[in-house]
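[1] Build me a structure from this.
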Amino acid sequence: MIKKVAFIFTLSLMIGCQKELLKNQNVGNALGTTYSIIYIADEPLDFQQEIDSVFQVVNQSLSTYIPTSDISKINQGDSTLVVDHMFQDVFTLSKEVYGQSNGYFDPTVGVLVNAWGFGPGQQIELDSTRIDSLLEYVGFDKVSLTEKNTINKNHKSIYFDFNAVAKGYAIDRLGAMLNERGVLNYLVEVGGEVLTKGTNTISKKQWTVGIDDPQAEEGRQLKRIVSLENKAMASSGNYRKFRIDPETGKKFVHTIDPKTGFTKNSSVLATSVVAETCAEADAFATAFMAMDLNDSKTLLGERNELEAYIIYLDEKGRTQEFMTPGFQKLVQN
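    Take a look at the predicted model:
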């Protein structure tokens, strides 16, 4: 009887000592977009200073919009600069995805990004002859990371633009910061790209994330809602990033085909990729926008750790969807 009373008392004490879970959140603007970071703990926490620091160091390494950043110095011709581990990480990943995508993911496309008016550089008038000349400076096989961690370029005019992977990488660095501080459950979202760890222990459900409908005519409408746990997801599409020529009214999308140098109005409307890291998801989501759909399917068949959702138009102009089996399991009905 005494043991039973003692057990009940101990159990009651344990229940009474359990702390209430709290939703801590930081929101703001960074990398040219908005962010929201939710992390659950049994005490109030505020990592705003650490978050700002992560954005600052990533920008200083990889932002083409900061004239004094490492990437800007390299683009300006500095061949002696020793790049930091962040630049090395992004460079190495880009090299891998460049090879696996048959060159359709290519961060040396920056000279064309500027020329088409989508980057910080000067927009210029383009025709096929001018594009052919600019393609001389495009190709990730024309650059290398030396043993001294400097960047070698075959042409001094080669211009790096890691914007298609840097945001995902920044999200991964934010996740690493939260991991180092012992946070077990969080959702990091920057500009619609996300990294999750654990679950939403307050609602006792997995983290849920929406995917925009690329054909929504007004406002934002969700096409799908997916559940994520210990995964990252990035999306890409031409439905928000495009430029209208004020004289001709012609629409130019932001996806540039590194093979031809022209912007690519393909049948693929939007892509979403789930991967272990957000940088990897970011890079492949961009690659699948430029690649032919069948080639994307082939690559996904070879990379079982990647899951993808692709919205496209068939030969009759009808909206269709492709999902890997693993992505289908993440979709909420």
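[2] what residue ranges in this structure score low on pLDDT?
    Low-confidence segments of the chain (pLDDT under 70): 1-18, 119-127, 217, 238-254, 264-265, 333.
[3] ok, 50 please
    Applying pLDDT under 50 to the chain flags residues 2-17, 240-245, 248-253.
[4] Show me the helices in it, by range?
    In the chain, the segments counted as helices under DSSP state H are 2-17, 48-62, 70-75, 85-100, 110-115, 128-134, 163-180, 278-290, 293-302, 325-330.
[5] Adding mean neighbour count and distance to residue 235, write these out as TSV.
    For the C-beta atoms, the positions are set from N, CA and C on the backbone; glycine is no exception. Listed next are those as TSV, based on neighbours: other C-beta atoms under 10 Å; distance: least, C-beta to C-beta, whole Å:
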stretch	mean neighbour count	distance to residue 235
helix 2-17	9	42
helix 48-62	17	20
helix 70-75	22	24
helix 85-100	18	16
helix 110-115	23	19
helix 128-134	12	28
helix 163-180	23	11
helix 278-290	28	6
helix 293-302	15	14
helix 325-330	15	12
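[6] for residue 321, what are its contacts?
    Applying C-beta atoms under 8 Å, 6 or more residues apart in numbering to residue 321 gives the contacts 309, 310, 311, 312.
[7] Oh, that last question was meant for residue 138, not what I typed.
    Residue 138 touches 106, 108, 109, 111, 112, 158, 258, 261, counting by C-beta under 8 Å, 6+ apart.
[8] so which pair among those residues is furthest apart in space?
    With C-beta to C-beta as the measure, no two of the contacts of residue 138 lie farther apart than 158 and 261, at 14.1 Å.
[9] from the contacts of residue 138, which is closest to residue 175?
    Nearest member of those to residue 175, counting by C-beta to C-beta, is residue 106, at 26.3 Å.
[10] how much space is there between that closest one and residue 94?
    8 Å (C-beta to C-beta, to the nearest Å).
[11] overlap in contacts of the two?
    residue 140.
[12] which residues of the stretch 201-333 of the chain fall in strands?
    207-212, 222-228, 232-237, 242-244, 251-253, 268-275, 307-313, 319-323 (DSSP state E, counting those that start in this stretch).
[13] okay if I get those strands as CSV plus distance to residue 150?
    Putting the strands of the stretch 201-333 of the chain into CSV (distance: least, C-beta to C-beta, whole Å) gives the following:
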stretch, distance to residue 150
strand 207-212, 39
strand 222-228, 38
strand 232-237, 29
strand 242-244, 35
strand 251-253, 35
strand 268-275, 29
strand 307-313, 35
strand 319-323, 41
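[14] coming back round to it: make TSV from the contacts of residue 138 and add distance to residue 298 to it.
    What follows is the contacts of residue 138, written out as TSV (distance: C-beta to C-beta, whole Å):
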residue	distance to residue 298
106	19
108	24
109	22
111	29
112	26
158	29
258	19
261	24
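[15] Just the buried residues of those residues.
    With neighbours counted using 16 or more other C-beta atoms under 10 Å, those contain these buried positions: 106, 108, 109, 111, 112, 158, 258, 261.
[16] of all those residues, which comes closest to residue 82?
    Once C-beta to C-beta is applied, the member of the buried ones among the contacts of residue 138 that ends up nearest residue 82 is residue 158, at 18.5 Å.
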